[in-house]
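1. what follows is a predicted protein model with its sequence.
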Amino acid sequence: MTNKVRVGQTYIYSPNMLDKIDARTNLQDGETVRVIQPFGCPRNGTMGHTFVQRMDGTWGGLVHCNSLHTKAEYIEYLRARIAVMDAERKDSTRESNRGQAPEFVPVSAQRNI
């Protein structure tokens, strides 16, 4: 299923697997683009692709509709990605501490006097 995009709207480009493997553009992940409809070209959404331009008006290329996200969708995606990275970081520190002797704490420091 592809996202429906509208001509003239701005979106944030985050390439899906198709755009990563067979890129028809040199856009960077997170770049803001505007959907355009060049004269004589197939309508946007045909075969799940659309034409975009950069915000400075230069040609962006042909991208998959699923690579275009609204600002709210992109923020939600980034928050989920950060949560996964935090969980991985906690797991990796837990794995690196496994098998090590516990930190030595003197008995005098353990007593609350």
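-> Done, it's in. Numbers count the residues shown, from 1 in each chain.

2. of all residues in the chain, which one is nearest the centre?
-> Ser14 (5.0 Å; Cα atoms, centre = their mean).

3. thought that one was touching Asp29?
-> Yes - counting by Cβ atoms under 8 Å, Ser14 does reach Asp29; the two are 5.6 Å apart. C-beta: built from backbone N, CA, C; applies to glycine.

4. what are the ranges of the helices in the protein?
-> In the chain, the segments counted as helices under DSSP state H are 17-21, 71-97, 107-110.

5. any chance of the ones you listed in JSON lines, plus mean neighbour count, mean pLDDT and distance to Val35?
-> Output for these, formatted as JSON lines (neighbours: other Cβ atoms under 10 Å; pLDDT from 0 to 100; distance: least, Cβ to Cβ, whole Å):
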{"stretch": "helix 17-21", "mean neighbour count": "13", "mean pLDDT": "89", "distance to Val35": "15"}
{"stretch": "helix 71-97", "mean neighbour count": "11", "mean pLDDT": "83", "distance to Val35": "14"}
{"stretch": "helix 107-110", "mean neighbour count": "7", "mean pLDDT": "54", "distance to Val35": "64"}
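
6. tell me which of those helices lies nearest to Val5.
-> Nearest of the helices of the chain to Val5, taken as Cβ to Cβ: helix 71-97 at 12.2 Å.

7. helices or strands next to that closest one in the packing?
-> Using 3 or more Cβ pairs under 8 Å, 6 or more residues apart in numbering; DSSP states H and E as the contact test, the elements touching helix 71-97 are strand 10-13.

8. pull up the pairing partners for the strand it packs on, direction included.
-> strand 31-36 (antiparallel), strand 68-69 (antiparallel) (DSSP bridges).

9. looking at those, spot the one closest to Asp22.
-> Closest among the strands paired with strand 10-13, using Cβ to Cβ: strand 68-69, at 16.6 Å.
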